[in-house]
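Undergrad: Only the shape, not the letters, is given here:
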């Protein structure tokens, strides 16, 4: 699914299956530059981003004039849990509702599939992301000293835990 801007700047959705006309690695390089996280370079070279767009993952992106400006994806881990795998909006597009829209699409997909919990990890440098998650009722679990990651989770409201076994 790709979210695009309409003529008057409103966000519209365009559905595409296994379609990607941009390089996600370029977006990750922008993140590396923004947060000065040089140790991600080695990690970046090992990643297979096309796997993000394959089932059972849910991958949502936002483009403007064929430029990737934001992504959000979740990975299906079990019948109960999903993992917020990737989430980023270019700095100049933040605080315009784009991240919220991308996130809500992924969360609603998890909810309609009766998943009960979303897990995520976040780099401590990503202060805006941490605040975003806190506003959405994510609960801090622990800090992984070795990987330098904060772990959070959220129980998805409105999903009956007795429906999934």
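TA: Received the coordinates, thanks. Since the model is a prediction, treat every value here as computed from it, not as a measurement.

Undergrad: tell me which element the closest residue to residue 151 other than its chain neighbours falls in.
TA: Of all residues not flanking residue 151 in the chain, residue 141 sits nearest, at 4.2 Å (CB to CB, 6 or more residues apart in numbering). Using the backbone N, CA and C atoms, a C-beta is placed for each residue, glycine as well. Using DSSP states H and E, residue 141 sits within strand 139-144.

Undergrad: Check residue 105 too.
TA: With secondary structure defined by DSSP H and E, residue 105 is part of helix 98-112.

Undergrad: Direction included, what does the strand holding residue 141 pair against?
TA: The sheet places strand 139-144 alongside strand 149-155 (antiparallel), with pairing taken from DSSP bridges.

Undergrad: got the angle between the partner strand and helix 98-112?
TA: Orientation note: strand 149-155 sits at an angle of 50 degrees relative to helix 98-112 (axes from the mean of the first three to the mean of the last three CA atoms, to 10 degrees).

Undergrad: buried ones in strand 149-155?
TA: Judged by neighbour count (16 or more other CB atoms under 10 Å), strand 149-155 contains these buried residues: 150, 151, 152, 153, 154.

Undergrad: Next one, pLDDT for the fourth one please.
TA: If you check residue 153, the pLDDT there is 96.

Undergrad: how far away is it from residue 85?
TA: Using CB to CB, to the nearest Å, one gets 14 Å for the distance from residue 153 to residue 85.

Undergrad: what are the ranges of the strands in the protein?
TA: Applying DSSP state E to the chain gives strands spanning 2-5, 11-14, 58-64, 67-76, 81-89, 117-122, 139-144, 149-155.

Undergrad: any chance of these in CSV, with distance to residue 101 too?
TA: Conversion of the strands of the chain to CSV gives the following (distance: least, CB to CB, whole Å):
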stretch, distance to residue 101
strand 2-5, 6
strand 11-14, 5
strand 58-64, 8
strand 67-76, 9
strand 81-89, 10
strand 117-122, 17
strand 139-144, 23
strand 149-155, 18
